[in-house]
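Engineer: Please find the sequence and the predicted model below.
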Amino acid sequence: MPSTSRVRPSRRLAWSAAAAVTSAGLAATGLLAFPGSAHAADTLGAAAAESGRYYGAAVAPHLLGEGDYAGTLNREFNSIVAENVMKWDATEPNRGQFNFSGGDQLVSHAQNNGMSVRGHTLVWHAQQPGWVQGLTGNNLRQAMLDHIDGVAGHYAGKIDSWDVVNEAFEWDGSRRQSNLQQQIGNGWIEDAFRAADAADPGATLCYNDYGTDGVNAKSDGIYRMVQDFLARGVPIDCVGFQSHLDSNSDLGSYRQNLQRFADLGVDVQITELDIGGSGSAQANAYRTVTEACVAVSRCTGITTWGITDKYSWRGQDTPLLFDGNYQKKQAYTAVLEALNSAP
Ligand code: G2I
């Protein structure tokens, strides 16, 4: 680990606390497997927990009243991320007026069920409330800092990892020309990370993006940013790989890409996994991604972008592990096997 990388002690505490909760829950249900034991865990969360990882899902609070939705979430997953309700448009619809109702509901659900929480997302060019879209210069910068302070401050101590900045790079590895980039300038990303660190010093702070599913021009650009941040002491702890994929996506350098970021001295997380397709082709792609994470010791967990194909943002691609009737798909079995084979 380079001497420049940061070790956030509070993160290690959060980690062991989550592991303790999970172990207690597993012991209660008789599913606790010990290293070397032949007893494989039979839910995603329990299987991931065996190697100290989480297995999460993106959740919408308004669906928690549906019995199969909440039942599948509670049985299979040990981490939650808000699919929409912690975004800027939802949490600060008017400047300085915060609405935490949806996010609070998810945090309560997680706490009541022994799950950890990922926060998504503090700053993004999309899903900004209307009032943000018209701001310029330092006015936008101050609004961004106040937003981070308000939201990360509200949830301080309750969030395992925050997606501090989402999708700020172009395919060619350059910065996306968003209002944030154009109005604030290059420093906006590190400003955001410093503000998040001040508001919630214990959270693992992540940069999150899509199209970074191998060694490519986009992941190269992000790699250079992380390297630069670590060298200059900008508080970044983690990179999130969204991994919106299809069965025929090229995963040839997927694991190598995770490993090179881990080798820089940050955690890596698979944050929005979904893979369009069906049957064995879909199952094989899910297996490849899961095996890549468990092969990288700093890959600390996986989140699928939803629970059931019924409510997926790309439902026509049937990209998730449970079908529209909450039945386990072939891909589910592949993921469970891969998690259970973690070193
Ligand atoms: O686009 C897929 C994901 C890419 N990475 C960042 C994620 O935050 C993003 O999630 C999606 C949600 O899954 C969608 O549910 O972000 C979309 C917005 O860009 C979400 O869609 C929006 C709809 O566009 C709105 O019309 C709707 O009001 O969801 C909103 C809340 O249901």
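Structural biologist: Good, I have the coordinates.

Engineer: Which parts of the protein are helices?
Structural biologist: 9-29, 44-49, 67-76, 88-91, 101-112, 130-133, 137-154, 179-184, 188-199, 217-232, 254-264, 279-295, 330-340 (DSSP state H).

Engineer: and the ligand, which of those helices is closest to it?
Structural biologist: With respect to the ligand, and counting by CB to the nearest ligand atom, the nearest of the helices of the chain is helix 88-91 at 8.1 Å. All C-beta atoms are positioned from the backbone trio N, CA, C, and that covers glycine.

Engineer: hang on, the earlier thing: so which of the helices of the chain is the most packed in?
Structural biologist: Highest mean neighbour count among the helices of the chain (mean count of other CB atoms under 10 Å): helix 44-49, with a mean of 27.

Engineer: So which elements touch that one?
Structural biologist: helix 9-29, strand 54-59, helix 330-340 (3 or more CB pairs under 8 Å, 6 or more residues apart in numbering; DSSP states H and E).

Engineer: Could you list the residues of the stretch 101-250 of the chain in contact with the ligand?
Structural biologist: Neighbours of the ligand within the stretch 101-250 of the chain, by CB under 6 Å from any ligand atom: 126-127, 166, 210, 242.

Engineer: any chance of these in TSV, with neighbour count and pLDDT too?
Structural biologist: Converted to TSV, these look like this (neighbours: other CB atoms under 10 Å; pLDDT from 0 to 100):
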residue	neighbour count	pLDDT
Ala126	11	98
Gln127	13	98
Asn166	23	98
Tyr210	17	98
Gln242	22	99
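
Engineer: Over to the residue of the chain found nearest the ligand: give its phi and psi.
Structural biologist: The nearest approach of the chain to the ligand comes at Trp313, 3.6 Å away (CB to the nearest ligand atom). Per-residue torsions, Trp313: phi -60, psi -20 (degrees, to the nearest 10).

Engineer: now Asp200
Structural biologist: In terms of degrees, to the nearest 10, the main-chain angles of Asp200 are phi -140, psi 80.

Engineer: neighbours of it, just the number please.
Structural biologist: Other residues lying near Asp200 total 26 when counted by other CB atoms under 10 Å.

Engineer: if I look at it, how far off is Val164?
Structural biologist: Separation of Asp200 from Val164 (CB to CB, to the nearest Å) stands at 10 Å.

Engineer: Is Leu145 in contact with Glu190, as I believe?
Structural biologist: No. Using CB atoms under 8 Å, Leu145 makes no contact with Glu190, being 12.0 Å away.

Engineer: what's near enough to touch the most centrally placed residue in the chain?
Structural biologist: The centre of the chain sits closest to Thr271, judged by CA atoms, centre = their mean, with a distance of 3.2 Å. Going by CB atoms under 8 Å, 6 or more residues apart in numbering, Thr271 touches 81, 118, 120, 163, 206, 208, 240-243, 303.

Engineer: Which of the residues you listed sits closest to Ser280?
Structural biologist: Comparing the contacts of Thr271 against Ser280 with CB to CB places Ser243 closest, at 19.2 Å.

Engineer: My guess is the closest one contacts Glu272. True?
Structural biologist: Yes. Ser243 lies in contact with Glu272 (CB under 8 Å); the separation is 6.4 Å.

Engineer: Now the common contact residues for the two.
Structural biologist: Listed contacts common to Ser243 and Glu272 are Tyr210; contacts here mean CB under 8 Å, 6+ apart.

Engineer: and the residue of the chain closest to the ligand, what pLDDT?
Structural biologist: Note for Trp313: predicted pLDDT of 98.

Engineer: and it, how many neighbours does it have?
Structural biologist: For Trp313, the count of nearby residues is 14 (other CB under 10 Å).
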